[in-house]
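>>> Model the structure of this input:
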Amino acid sequence: MNKQWLSVIIAAFFEVGWVIGLKHAENALEWTGTAIAIFVSFYLLIKAGESLPVGTVYAVFVGLGTAGTVCADSLLFGEPWKLGKILCIVVLLAGVVGLKLVTGEPKEKEVNE
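Below you'll find the model as predicted:
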């Protein structure tokens, strides 16, 4: 895995944070953390999109963020697990992994001298 894909994974982690923050933030400190998570998430997403196929980057970002948010909701806030929900997450993650596997590695940009 290269640095750009690692950035997408970290961006998705921060996406989970800001999505949770949008629902559960109650004071200035929590809202500040939510705003920082939004900034970091989109900054990393934009940087990764500069050298990777943007459609694949966005699909992986959203897929990982969605799966992470569903898992965090269950683990942190007691949302019940259901077989259908688990199966959908598995299918979603399989699609994300599939997109990553069929997307070629970025080529270094040639510099014209």
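
>>> could you pull out the helices for the chain?
Taking DSSP state H as the test, the helices found in the chain are 3-24, 28-49, 54-77, 83-102.

>>> State the distance from A25 to T32.
9 Å (Cβ to Cβ, to the nearest Å). (Glycine included, C-beta is placed from N, CA and C.)

>>> Between those two, point out the one with more neighbours.
Remark: of A25 and T32, A25 carries more neighbours, 16 against 12, as counted by other Cβ atoms under 10 Å.

>>> thought the more buried one was touching A35?
No. With contact defined as Cβ atoms under 8 Å, A25 does not reach A35; the gap is 9.4 Å.

>>> What count of nearby residues applies to E79?
A count of nearby residues for E79, using other Cβ under 10 Å, gives 13.

>>> Just put the helices of the chain in a markdown table and tack on mean pLDDT.
Formatted as a markdown table, the helices of the chain follow (pLDDT from 0 to 100):
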| stretch | mean pLDDT |
| --- | --- |
| helix 3-24 | 94 |
| helix 28-49 | 96 |
| helix 54-77 | 90 |
| helix 83-102 | 88 |
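
>>> shouldn't L92 be in contact with G65?
No. Using Cβ under 8 Å, L92 is not in contact with G65; the gap is 10.4 Å.

>>> Settle it for me: which of these two has more neighbours?
More crowded of L92 and G65, by other Cβ under 10 Å: G65, with 21 against 16.

>>> tell me the contacts of the more buried one?
A12, E15, V16, V19 (Cβ atoms under 8 Å, 6 or more residues apart in numbering).

>>> State the distance from the closest residue to the second one other than its chain neighbours to E26.
Sequence neighbours aside, G65 is the residue nearest to E15 in space, at 3.6 Å (criterion: Cβ to Cβ, 6 or more residues apart in numbering). When Cβ to Cβ is applied, the distance between G65 and E26 equals 22 Å.

>>> picking that back up, closest one to T56 out of the contacts of G65, please.
A12 (13.3 Å; Cβ to Cβ).
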